[in-house]
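Asks: Pasting a predicted model and its sequence here:
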Amino acid sequence: MLESYGHTPGDVFLGAGIDPDLLKQPGVRIRYAAVNRAWRRAAELIEDDCFGLQGPKFWHPSYLYGLGYAWLASHSLRESLQRFVLYLDIVSEGKSISLEEDLAGFRICFDLKSEGMQVPAQVDCLIAVIYHMCRLNYGEELQPMSVSFQHPAPVCAAEYQCYFEAPVRFSAPADCILFPLDAVEKALPGTNPQFARMHDQLNVDYLAQLRKGDLVHRVKAGIIDALPSGPVANEKVARDLGMSVRSLQRRLAEAGTSFRDLLDASRQEMARNYIRETDIELAEIAFLLGFSDQSAFSRAFKRWTGNTPNAVRKAHFG
């Protein structure tokens with residue numbers, strides 16, 4: 001989406017404290033705080049208040065791994081959405097989506113402010129993607145009864161009406177999509193119970209494996225998020241994770257690593273990406289990685305690579 005507006009995603013990710021290479025590693029968790037910073041920066045760069053509605057153009061259910069395929073093979077939209085909520089942990093630790101049903105219809109609601117999502121386009125993108133996935137299953141004729149957003153109406157409000165083909169309300173009490181009950185009950189043309197059950201098992205296995213190594217990813221995410229603030233102490237990361245330092249040390253040892261190893265690995269991963277960005281001064285990289293000064297960063301970089309950061313940048317990146 002950033003590229004479609006002429007911007008470089010890597011610059012936005014790095015500026016938000018996200019290592020772009022992490023996006024290629026299955027199972028990695030990126031803290032909401034960093035993701036939200038990236039969205040804020042994107043909103044500053046993109047001169048289009050409705051750019052979040054463009055999200056579905058760059059989305060496919062397969063990005064949700066087995067959950068996406070189980071969604072496509074579900075018997076009905078109700079079953080698809082129930083699966084999505086059940087296995088949401090595959091893609092997010094936040095419990096930000098709920099399903100509600102009453103005489104008015106079947107409602108999907110999003111509690112996004114609890115995850116710190118304050119950028120309207122971020123909310124728009126998620127709701128538009130969910131609607132897009134529903135239409136992939138049901139067909140283009142699917143129409144919601146209404147769509148509501150907590151954020152105020154933008155100058156391009158008419159584009160929301162055009163996209164959702166339904167009444168759209170802004171400054172509403174909640175972010176929700178309301179579907180007719182008969183629509184969510186209708187048997188879908190792509191239903192395949194065996195295929196859906198097969199991917200349900202994959203989802204269960206994936207979650208079990210994810211939770212087994214989850215702490216390591218959470219600690220690395222906490223370290224990366226805290227690096228620009230200076231030296232990272234295990235006390236702060238342990239506190240953010242809701243555990244004692246001793247408990248954190250014990251659980252990391254059980255996972256075959258330590259806080260110091262994860263800190264060193266996180267700095268090394270980020271350094272390899274920052275060094276490619278020739279517009280970022282080495283002194284600034286040292287600051288972003290939590291080193292006391294540039295010389296401390298240079299010594300660590302030489303230990304990791306066998307060369308100084310200045311030599312690597314001149315040899316490979318001009």
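Replies: Received, thanks.
Asks: The stretch 201-318 of the chain: strands as residue ranges?
Replies: Using DSSP state E, counting those that start in this stretch, no strands are assigned anywhere in the stretch 201-318 of the chain.
Asks: now it, which segments are flagged as low pLDDT?
Replies: Applying pLDDT under 70 to the stretch 201-318 of the chain flags residues 208-213, 277, 316-318.
Asks: After the host helix or strand of residue 134, which helix or strand is next?
Replies: Under the criterion of DSSP states H and E, residue 134 resides in helix 120-138. Downstream of helix 120-138, the first helix or strand assigned by DSSP H and E is strand 146-148.
Asks: So which elements touch that following strand?
Replies: Applying 3 or more CB pairs under 8 Å, 6 or more residues apart in numbering; DSSP states H and E, we find strand 146-148 packed against strand 168-169, strand 175-179. The way it works is simple: take the backbone N, C-alpha and C, and place the C-beta from them, glycine included.
Asks: buried residues in the next helix or strand after it?
Replies: Sequence order places helix 158-164 as the next helix or strand after strand 146-148, per DSSP H and E. Neighbour counts using 16 or more other CB atoms under 10 Å place 159-160, 163-164 of helix 158-164 among the buried residues.
Asks: all helices of the stretch 1-150 of the chain, in order?
Replies: For the stretch 1-150 of the chain, applying DSSP state H, counting those that start in this stretch gives helices covering 9-15, 32-45, 66-72, 77-86, 120-138.
Asks: Relative to residue 39, which of the helices and strands packed on strand 146-148 is closest?
Replies: Smallest distance to residue 39 across the helices and strands packed on strand 146-148 (CB to CB): 15.0 Å, for strand 175-179.
Asks: Figure out how far that closest one is from the centre of its chain.
Replies: Remark: strand 175-179 is offset 21 Å from the chain centroid, using CA atoms, centre = their mean, to the nearest Å.
Asks: Next: stretch 155-174.
Replies: Counting by CA atoms, centre = their mean, stretch 155-174 comes out at 24 Å from the chain centroid.
Asks: what residues does it touch?
Replies: With CB atoms under 8 Å, 6 or more residues apart in numbering as the test, stretch 155-174 has contacts from 48-50, 53, 109-110, 124, 128, 131, 143-153, 177.
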